[in-house]
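# build me a structure from this.
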Amino acid sequence: MIPDPIKKVEDFAKDTNTYMEKRTRGVLRRYPLLFTFLVVFGVVAVVHGFEAVIAYIPFFNEHPAVVFAIGVVVLTFTGSLYKRLDRKIE
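Residues are numbered from 1 along each chain as shown. From the prediction side, this is the model:
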């Protein structure tokens with residue numbers, strides 16, 4: 001049987017997460033407000049940057065419903081992919 005590459009990546013990510021959780025737990029407890037602001041800034045920067053990129057594409061700028069529809073399709077696809085992979089792991 002061929003080893004599942006997705007399972008290997010998941011195991012690696014889990015091991016890395018466990019290792020980093022032990023190392024960062026103290027910092028997050030000491031500076032929760034700082035990290036909250038940094039995370040919020042990061043999310044807002046990504047969203048603002050995405051909006052700016054979309055504004056440069058005339059078709060998407062003139063048809064925001066298309067961007068919305070593409071977003072719904074991507075979320076639906078990722079949700080169904082998550083469910084399939086979740087069933088496969090169990």
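
# residue 67 reaches residue 54, doesn't it?
Yes: using Cβ atoms under 8 Å, residue 67 is in contact with residue 54, at 6.1 Å. From N, CA and C alone the C-beta is placed, and that goes for glycine too.

# when those two are compared, which one has more neighbours?
Set residue 67 next to residue 54 and count neighbours by other Cβ atoms under 10 Å: residue 67 wins out with 16 against 13.

# got the phi/psi numbers for that one?
phi -60, psi -40 (degrees, to the nearest 10).

# measure the spatially closest residue to it that is not a sequence neighbour to residue 75 for me?
Leaving aside its chain neighbours, residue 67 sits nearest to residue 60 (5.2 Å; criterion: Cβ to Cβ, 6 or more residues apart in numbering). Note on residue 60: its distance to residue 75, by Cβ to Cβ, to the nearest Å, is 17 Å.

# from the contact counts, what lies against the strand or helix carrying residue 13?
Under the criterion of DSSP states H and E, residue 13 resides in helix 5-30. If contacts are counted by 3 or more Cβ pairs under 8 Å, 6 or more residues apart in numbering; DSSP states H and E, helix 5-30 sits against helix 64-89.

# buried ones in the helix it packs on?
For helix 64-89, the neighbour count (16 or more other Cβ atoms under 10 Å) marks residue 67 as buried.

# now for it, which elements pack on it?
For helix 64-89, the packing partners by 3+ Cβ pairs under 8 Å, 6+ apart come out as helix 5-30, helix 58-62.

# what about 10 Å?
Where contact means 3 or more Cβ pairs under 10 Å, 6 or more residues apart in numbering; DSSP states H and E, helix 64-89 is packed against helix 5-30, helix 32-56, helix 58-62.
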